[in-house]
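**Q** A predicted structure for the sequence below; I have some questions about it.
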Amino acid sequence: MPNHLKTIGLLILLLIGGIIGHLHWGWFFVFVLCFLLVEFYGAAYINSGYHLKALCKAETNEKVIALTFDDGPDNQTENILAMLRQNDVKATFFCIGHKIETKQDILRKIDKEGHTIGNHSYSHDFLFDLKNTNQFMEDLEMASQKIENTIGKKPVLFRPPYGVTTPGLARTVKKLGYITIGWNIRSLDTKIKDKQKLFERIKKRIKPGSILLMHDTIGGTEIVLQEVLDYLKTNNYKVVELHKMLNVKNYA
Ligand SMILES: [Zn+2]
C-alpha cells in the first residue's frame with residue numbers, strides 16, 4: 001500500500017478516535033497540518049522513499065562511487081565529456097527530452113563515448129508535479145522516444161525533475177517499468193558559485209556506494225569534477241557505472 005494512503009488511514013483513525021473521545025476541534029486542524037507536512041516532505045525529498053522508492057546509493061563497503069549529470073544535453077556537456085575521457089571514467093547523463101530536439105549530436109556523443117543516458121522527463125517544467133498520471137505517462141514516454149530515436153536504445157533509468165515525487169508519478173513509473181534513481185550527494189552546483197566551497201561540500205559527503213549529482217549546464221563544473229576525481233583517486237575510490245553499481249539494467 002502506498003505510504004500516503006497509510007497516512008490517510010491513520011488520520012481517519014485519529015479522527016474517529018477524536019470524535020469518540022470528544023477531542024477539541026483544534027486537534028483535527030493539527031492532524032491535517034501534520035498530514036500535509038508529511039506529504040510535502042515525502043514529495044520534496046527523494047531519499048525519503050515516501051511516494052516512490054528511488055535508488056539513492058548502493059549498499060556496499062567497497063570504495064565505489066557513481067557520477068551523474070542532469071539537465072543536458074547542453075552547451076557544457078562537451079566540457080564534461082572531455083574531462084571524463086581524460087580521466088577514463090564513465091558517467092550517467094539524465095537528459096531532458098525537449099533539449100534533445102536541437103542537440104541530438106551531443107546526445108549521440110554521450111552514447112558513443114560509452115556513458116549511459118537516462119530519462120529526466122521531456123518537459124522538466126516547474127509545474128511538472130501538477131500533471132496527472134496520463135500526462136506523466138505521455139511526458140516520460142516522449143522523452144524516452146527522443147532518446148531511442150537518437151541513439152537506438154530505450155532508457156530504463158529515470159530521475160524525476162527536481163527530485164520531486166508524487167503518487168501519480170509513482171504509478172506512472174511502476175506502469176512503464178522505469179527504475180527511479182535519486183542521489184545521496186547533492187552538489188548544489190547550480191547554486192554554489194564558489195568552486196572551492198563546492199568541492200569541499202562534495203568531498204565531505206563521499207562514502208562507499210555514493211551517487212553524486214551534478215549538472216552539465218554550468219560553466220566551470222568540469223574544474224570541480226577534476227578536483228573530485230583527483231580526490232577519489234588519492235583516496236582509493238573507484239568511479240563505476242551507476243547501473244553496474246546498483247546491479248540494474250540501463251537500457252531495455
Ligand atoms: Zn533536472
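**A** Arrived safely, thanks for sending. Residues are numbered from 1 along each chain as shown.
**Q** wait, what's in contact with residue 215?
**A** Residues in contact with residue 215 (Cβ atoms under 8 Å, 6 or more residues apart in numbering) are 69, 70, 71, 72, 187, 189, 190, 221. Every residue, glycine included, has its C-beta placed from N, CA and C.
**Q** if we use 10 Å, what do you get?
**A** Residues near residue 215 by Cβ atoms under 10 Å, 6 or more residues apart in numbering: 68-72, 74, 76, 80, 94, 187-190, 221.
**Q** can you list these in a markdown table and add secondary structure, neighbour count and pLDDT?
**A** Output for the contacts of residue 215, formatted as a markdown table (DSSP: H, G, I helix; E, B strand; the rest coil; neighbours: other Cβ atoms under 10 Å; pLDDT from 0 to 100):
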| residue | secondary structure | neighbour count | pLDDT |
| --- | --- | --- | --- |
| 68 | strand | 24 | 98 |
| 69 | strand | 30 | 98 |
| 70 | strand | 25 | 98 |
| 71 | strand | 22 | 98 |
| 72 | strand | 26 | 97 |
| 74 | coil | 21 | 97 |
| 76 | coil | 20 | 95 |
| 80 | helix | 25 | 97 |
| 94 | strand | 28 | 98 |
| 187 | coil | 22 | 92 |
| 188 | coil | 14 | 91 |
| 189 | coil | 23 | 91 |
| 190 | coil | 13 | 89 |
| 221 | helix | 22 | 90 |
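**Q** reformat these as TSV; add distance to residue 116.
**A** Formatted as TSV, the contacts of residue 215 follow (distance: Cβ to Cβ, whole Å):
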residue	distance to residue 116
68	9
69	11
70	13
71	16
72	13
74	17
76	18
80	14
94	9
187	19
188	23
189	20
190	22
221	18
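**Q** out of those residues, which are close to the ion?
**A** The subset of the contacts of residue 215 within reach of the ion, by Cβ under 5 Å from the ion, is 70, 71.
**Q** how about the residues of the stretch 101-250 of the chain by the ion?
**A** residue 161.
**Q** pick out the residue of the stretch 101-250 of the chain closest to the ion.
**A** Nearest to the ion, among the residues of the stretch 101-250 of the chain, is residue 161, at 4.9 Å (Cβ to the ion).
**Q** dump the residue contacts of the nearest residue to that residue once chain neighbours are set aside.
**A** With sequence-adjacent residues excluded and distances taken as Cβ to Cβ, 6 or more residues apart in numbering, residue 161 is closest to residue 124, at 4.5 Å. Going by Cβ under 10 Å, 6+ apart, residue 124 touches 70-71, 94-99, 139, 143, 160-162.
**Q** as JSON lines, those residues with distance to residue 176 and secondary structure would be great.
**A** Output for the contacts of residue 124, formatted as JSON lines (distance: Cβ to Cβ, whole Å; DSSP: H, G, I helix; E, B strand; the rest coil):
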{"residue": "70", "distance to residue 176": "20", "secondary structure": "strand"}
{"residue": "71", "distance to residue 176": "21", "secondary structure": "strand"}
{"residue": "94", "distance to residue 176": "16", "secondary structure": "strand"}
{"residue": "95", "distance to residue 176": "17", "secondary structure": "strand"}
{"residue": "96", "distance to residue 176": "17", "secondary structure": "coil"}
{"residue": "97", "distance to residue 176": "14", "secondary structure": "helix"}
{"residue": "98", "distance to residue 176": "19", "secondary structure": "helix"}
{"residue": "99", "distance to residue 176": "21", "secondary structure": "helix"}
{"residue": "139", "distance to residue 176": "11", "secondary structure": "helix"}
{"residue": "143", "distance to residue 176": "11", "secondary structure": "helix"}
{"residue": "160", "distance to residue 176": "13", "secondary structure": "coil"}
{"residue": "161", "distance to residue 176": "16", "secondary structure": "helix"}
{"residue": "162", "distance to residue 176": "19", "secondary structure": "helix"}
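**Q** please consider this matter closed, and thank you.
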